[in-house]
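Novice: one predicted model, sequence on top.
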Amino acid sequence: MTLADVTRESVLKAIGECDELGQEQFLAKHGFAPARLYKIQYEEREYDSKAIVGVAHGYATGKILGAAHFSGGQATVVRTLEALGFTFSPTPKSNAAPRRAWLVMTKTEYRRLGGGEKYDDDAASHYSWDSNVANSRQVSPGDVIVVWDQADLIGASVIERIDHGEKNKPIGRCPECATTNYLERKTIQPRFRCYDCGHEFPNPTFTDSTVKTFRTTHDQGWVDLAGALDAKQLRALCVKSYSQNSIRELRWEDFTAAIKGATPGEPLTIVEATSTQLAGGHTIRPVRVRLGQPAFRAELLRRYGANCAFTGPSPEVALEACHLYSYAEIGVHDDEGGLLLRRDLHRLFDHGLIAVNELGTVDVAEEIRKYPLYDSLHGASLTVPMTKKQTVWLQRHWQEWRASA
């Protein structure tokens with residue numbers, strides 16, 4: 001039995017039951033949480049989409065689908081209801097991601113040297129720049145940061161804080177026009193070429209200057225989106241598509257639409273939830289699985305052996321140490337707060353495409369069950385025992401991705 005069994009008539013019957021019982025009693029009776037993003041709009045009233053579909057399945061087939069039995073969201077519940085002619089209320093403003101976003105270029109291989117030095121960037125946790133960079137003073141805590149490497153997208157997050165400083169920096173300039181907009185060439189001589197005046201030269205002229213420095217912290221909401229969009233697509237999503245700056249303003253709503261079209265699931269939910277949390281007054285707690293540090297991974301290997309919690313015995317090199325909580329919030333490694341997961345499963349879990357219910361059963365989102373490798377995991381039990389703490393953290397993850405839609 002699948003969501004394809006649901007009919008328009010059965011949905012209308014579920015809506016009728018909700019009207020009769022009232023929303024709160026209807027949800028309590030069938031074990032659903034209120035919908036967070038997708039509410040059916042019918043005859044000037046709103047209804048919780050996942051709960052309505054689960055109950056409608058009962059009217060259609062005689063078997064109600066509980067919250068643990070199927071995934072909510074755009075690819076499942078929304079698609080089913082839209083096909084039956086139902087529409088949805090606009091997403092509430094309070095749940096929307098912040099509008100200001102920046103596309104930033106990681107400078108591990110950045111060739112426009114300007115100051116003749118590189119920064120200490122780590123895409124998943126911090127990004128550095130100085131006051132010589134265009135837009136240097138425009139970026140603020142709470143803004144979205146989207147990182148790329150001049151070729152492909154790497155990932156996205158929300159800026160938690162920006163540390164300010166000051167330092168002396170040697171500034172390289174074109175000997176002809178004194179601008180800093182020059183490029184080092186690896187195979188052509190002279191080695192440097194100025195983008196402003198076209199002058200070619202063997203070495204820039206350096207002068208000392210005092211600059212303001214900026215360094216973000218953004219690891220709490222980090223989402224790995226490696227390769228989801230290429231350079232051409234990213235440039236087209238900038239406010240100024242022709243910009244060559246290392247920090248460029250991004251059209252956030254268009255970016256989120258592009259990501260939804262390029263990736264399964266809704267990976268930016270983590271970014272949105274973290275933004276809500278940082279803004280205050282939040283109701284969503286981001287639950288992340290993060291790559292642990294070597295000592296933490298070693299402890300998990302001692303405890304569980306080379307066993308993926310979802311699939312069982314695996315080569316050690318294929319296993320990642322994953323936190324079941326936000327390490328940025330807790331600040332320490334909890335010995336009961338991790339599991340070993342295979343790398344691909346870690347990313348799917350992080351994007352909500354795999355979750356674990358209160359019985360310790362693996363739930364695979366319908367949209368990736370077309371792959372036999374993942375379909376075989378659906379309904380399987382965890383291969384390692386869970387402690388009480390682990391169960392609590394897994395349920396927070398479930399509430400984020402499965403209990404509401």
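Specialist: Cool, got the structure.
Novice: enumerate every residue touching the residue nearest to Glu266 when sequence neighbours are not counted.
Specialist: Spatial nearest neighbour of Glu266, chain neighbours left out: Gly73 (6.1 Å); criterion: Cβ to Cβ, 6 or more residues apart in numbering. (C-beta placed from N, C-alpha, C; glycine too.) Contacts for Gly73 were tallied using Cβ atoms under 8 Å, 6 or more residues apart in numbering; they are Leu37, Tyr38, Gly265, Glu266, Gly352, Ala365, Ala405.
Novice: let me know the closest of the residues you listed to Ser241.
Specialist: Using Cβ to Cβ, Glu266 comes nearest to Ser241 of the contacts of Gly73, at 25.8 Å.
Novice: looks like the closest one contacts Asp350 (just checking).
Specialist: No - using Cβ atoms under 8 Å as the test, Glu266 is too far from Asp350 to be in contact (11.7 Å).
Novice: with neighbour numbers in mind, choose between the two.
Specialist: Neighbour tally, Glu266 and Asp350, criterion other Cβ atoms under 10 Å: the higher count belongs to Asp350, 23 against 19.
Novice: so how far is Thr274 from the more buried one?
Specialist: According to Cβ to Cβ, to the nearest Å, Asp350 stands 13 Å off from Thr274.
Novice: follow-up on the earlier one: pop out the phi and psi values for the residue nearest to Glu266.
Specialist: The phi and psi values for Gly73, taken as degrees, to the nearest 10, are phi 120, psi -180.
Novice: please apply the same query to Trp398.
Specialist: Torsion angles, degrees, to the nearest 10, at Trp398: phi -60, psi -40.
Novice: contacting residues around it?
Specialist: Ala68, Ala355, Val356, Asn357, Glu358.
Novice: just list the residues touching Asp208, thanks.
Specialist: By Cβ under 8 Å, 6+ apart, the residues touching Asp208 are Asn168, Lys169, Pro170, Ile171.
Novice: give the buried residues for the helix or strand encompassing the first one.
Specialist: This means Asn168. Under the criterion DSSP states H and E, the helix or strand holding Asn168 is strand 161-173. Within strand 161-173, the residues that count as buried by 16 or more other Cβ atoms under 10 Å are Ile162, Lys169, Ile171, Gly172, Arg173.
Novice: equivalent analysis for stretch 42-59, please.
Specialist: Neighbour-count burial for stretch 42-59 [16+ other Cβ under 10 Å]: 42, 47-59.
Novice: and that stretch, C-alpha only, in PDB?
Specialist: The C-alpha trace of stretch 42-59 is given here as PDB (Å, rounded to 0.1, in the frame of the first residue of the first chain):
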ATOM      1  CA  TYR A  42      -9.800  24.000   1.400                       C
ATOM      2  CA  GLU A  43     -13.000  26.100   1.600                       C
ATOM      3  CA  GLU A  44     -11.200  28.900   3.400                       C
ATOM      4  CA  ARG A  45      -9.800  26.600   6.100                       C
ATOM      5  CA  GLU A  46      -6.300  25.000   6.700                       C
ATOM      6  CA  TYR A  47      -5.600  21.400   7.400                       C
ATOM      7  CA  ASP A  48      -2.400  19.500   8.400                       C
ATOM      8  CA  SER A  49      -1.300  17.800   5.200                       C
ATOM      9  CA  LYS A  50       0.500  14.700   6.400                       C
ATOM     10  CA  ALA A  51      -2.200  13.900   9.000                       C
ATOM     11  CA  ILE A  52      -4.900  14.300   6.400                       C
ATOM     12  CA  VAL A  53      -3.100  12.000   3.900                       C
ATOM     13  CA  GLY A  54      -2.400   9.300   6.600                       C
ATOM     14  CA  VAL A  55      -6.100   9.200   7.600                       C
ATOM     15  CA  ALA A  56      -7.300   9.500   4.000                       C
ATOM     16  CA  HIS A  57      -5.300   6.300   3.300                       C
ATOM     17  CA  GLY A  58      -7.400   4.600   5.900                       C
ATOM     18  CA  TYR A  59     -10.600   5.700   4.200                       C
END
